[in-house]
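>>> sequence first, predicted model second:
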Amino acid sequence: MLMFTSKINESFIQFYDTKKRLLKIMGAIFVIYFLHAFFMPALPNYFEYLHEKYSLAGIDNIYEYTLPVISMLLMFFAFVSDYTKKKYELLTFYNASSFNSIMLFRWLYIAIPMNVIIVVTAPFYYRSIAFLDVQSLYLSIRFIPNVLFVTALFLLCMTMTKNGYAALVVTSTYLLLDILSSARIFKIVSLGANSYNYYYSISPTYYLINRLLLVVLSLLFIYVACKKSSKVR
Amino acid sequence: MILNNQLIVENIQYNYAKKNILQDVSFTCSNGIIALLGNNGAGKSTIMKIIAGMMKPAKGKVLLNNQSILTSQNYPIHKIGYLPQDFDIYGNVSGYDFLSYVYDIKKLKQPSKKQVLDELIAKFNLEEVIYKKFSSYSGGYKRRLGIAQAVLGEPKLIIIDEPSVGLDPIQRIEFRSYLAEISRTAITLISTHIIEDVELYSDEILILREQHIQFQGSVEQLIQLSTPHIYSANVQVDELIAFKKKVRTIEEKRISDTLIKVKFINNQGETFGNKEKEISLENAYVYFQNK
């Protein structure tokens, strides 16, 4: 892609993330999550509770909902001014293709670091259950769909409405309803499959479909958003 | 040697919500300032956006130097400059960082980015503000930066939508001289409803009316076309309202406390008034819109 060449990266990041503020904020979030994982690890008998079909929202929510909420706010911070005073017109002009790869890059610029936070800090958080093995990896990557989905949903809403505030309202409403309903309203497209123990309380298949569906929908949302905001040819 | 570029717009049709906005719009133009005139809502910005690749026409094509720009794999942003009506960028970005971004995204091949940008900054007198945040720029500086990014890389076609909106009279004069300079090497297509903008500098005029290009030619040709139909009469102030009911007025000018000179269109062979000799582009344009 155009902006992945090193020559373009420098000015590209300077334009979309002046003084690397976003990167610094994400760095600070990483440190906070790491410290939290270090000093407040998950319960050692985490799996036993899961087998008993308990909902462990108090333990998992920090990755299940809090990090997606932070990701959504970062997306808002990064994109909100695109649609004020029609800045998007010139940004669209400078995207030469019929797929807005610039928008894809800007999404990845937030989605990747936020998922890195999950992959790096979650194994520390769940270290009393499993550490530096396959199970430890599973425990962390199960939250990746949440960040992908929330950020993709935000981006889709924003490109559809051409308004960052409208996207914030829609995405926040989704998150709020999902949290308040204990993941009952959105069921298969809920974020709370881990917190509300879909794996044991419903079925492993249902849980896997939920995780997979969130990833597929995220990719679909991103594709539609990048097409919609591109040059129309 | 300055190469002459050619833009061909062929049978463009654009519909919105089942409404026909543009119908078989065709024109050809080469280097110089080409002014696209039309009333508000005539579809000027739509044509500009279609040529800039941001709107998809229902049919038709746009060729720049015989290459289709709407159907090629990638829109040739290195050959085309665009300044939208509402030019704005992120407030916390400096002008230099923005130009640097545009240079890279256009994938320009010039050997030294710094040299190219420095020359451009000097050309548009942006030295004073170029490292400051865009949010601190005045309207004039914003417009200068806007045109600087549009001409970066010496594009063959420059599209400028409503160039002088929001500028004060001095800034307008300055902006027109920039346009005159850049148009020597590129097709400079501007859309405007401010006639004053085009009277002095435009090489060619396109008038968009009722979904079509209804006139293409020089300022002089448009004036010649309207000359036989524009009359004037000196009217007493207290008779003005009654007079205006009889004719289609295009200009009024007070010449004394009691007299007003009225220019009007003589379409139906009215016997009063005299043929007007001093016809401005604005008079000719109003005639054309009302004929």
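Here it is on my side, so go on. Predicted model only: the values in this text are computed from it and were never measured.
>>> tell me the secondary structure for B:Gln214?
strand (DSSP: H, G, I helix; E, B strand; the rest coil).
>>> and the closest residue to it other than its chain neighbours, its phi and psi?
Closest residue to B:Gln214 apart from its sequence neighbours, by CB to CB, 6 or more residues apart in numbering or on different chains: B:Ile207 at 5.4 Å. Every residue, glycine included, has its C-beta placed from N, CA and C. Reported as degrees, to the nearest 10, the phi and psi values for B:Ile207 are phi -110, psi 120.
>>> I'd guessed B:Ile207 sits against B:Gln221; true?
No. Using CB atoms under 8 Å, B:Ile207 is not in contact with B:Gln221; the gap is 11.3 Å.
>>> of those two, who's got more company?
B:Ile207 (21 against 14; other CB atoms under 10 Å in any protein chain shown).
>>> any idea how far that one is from A:Met160?
Relative to A:Met160, B:Ile207 is positioned 36 Å away (CB to CB, to the nearest Å).
>>> SS state for the residue nearest the centre of chain A?
Central residue of chain A (CA atoms, centre = their mean): A:Val147, 1.6 Å from the mean position. Following three-state DSSP, A:Val147 is assigned to helix.
>>> who's in contact with it?
A:Leu67, A:Pro68, A:Ser71, A:Ala111, A:Met114, A:Asn115, A:Ile118 (CB atoms under 8 Å, 6 or more residues apart in numbering or on different chains).
>>> excluding residues flanking it in the chain, which one is nearest the second one?
In this structure, A:Pro68 finds its nearest non-sequential neighbour in A:Val150, 3.9 Å apart by CB to CB, 6+ apart.
>>> how about the residue nearest to B:Gln214, what does it touch?
Counting by CB under 8 Å, 6+ apart, B:Ile207 has contacts B:Leu37, B:Gly38, B:Ile213, B:Gln214, B:Phe215, B:Gln216, B:Leu222, B:Tyr285, B:Phe288, B:Gln289.
>>> related to what we said a few turns ago, mark which of the contacts of A:Val147 are part of helices, please.
In helices, defined here by DSSP state H, the members of the contacts of A:Val147 are A:Leu67, A:Pro68, A:Ser71, A:Ala111, A:Met114, A:Asn115, A:Ile118.
>>> where in chain A is pLDDT low?
Residues of chain A meeting the criterion pLDDT under 70: A:1-8, A:232-233.
>>> go again with 80.
Low-confidence segments of chain A, defined by pLDDT under 80: A:1-10, A:54-57, A:231-233.
>>> and B:Ile241, that one's in a helix?
Yes. Assessed with three-state DSSP, B:Ile241 lies in a helix.
>>> could you tell me the end-to-end distance of stretch B:226-238?
With CA to CA, to the nearest Å applied, stretch B:226-238 spans 29 Å between its terminal residues.
>>> stretch B:229-243 now?
Chord length of stretch B:229-243, first to last residue, is 17 Å (CA to CA).
>>> contact partners of it?
The contact list for stretch B:229-243 (CB under 8 Å, 6+ apart) reads B:250, B:252, B:255, B:257-267, B:270, B:272-276, B:279, B:283-284, B:287, B:291.
>>> the chain: strands as residue ranges?
If you meant another chain, say so; for now it's chain A. Taking DSSP state E as the criterion, chain A contains no strands.
>>> should've been chain B
Here chain B has its strands, by DSSP E, at B:6-16, B:19-30, B:32-37, B:59-64, B:67-68, B:80-83, B:157-161, B:187-192, B:204-209, B:212-217, B:230-236, B:248-254, B:259-265, B:274-275.
>>> now these in CSV, with mean pLDDT?
As requested, the strands of chain B are arranged in CSV below (pLDDT from 0 to 100):
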stretch, mean pLDDT
strand B:6-16, 94
strand B:19-30, 93
strand B:32-37, 93
strand B:59-64, 93
strand B:67-68, 91
strand B:80-83, 94
strand B:157-161, 93
strand B:187-192, 91
strand B:204-209, 92
strand B:212-217, 92
strand B:230-236, 89
strand B:248-254, 88
strand B:259-265, 89
strand B:274-275, 80
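>>> residue contacts, the residue nearest to B:Met54 when sequence neighbours are not counted?
Distances taken as CB to CB, 6+ apart put A:Thr92 closest to B:Met54, at 5.8 Å, once the chain neighbours are dropped. A:Thr92 is in contact with A:Asn100, A:Ser229, A:Ser230, A:Lys231, B:Met54, counting by CB under 8 Å, 6+ apart.
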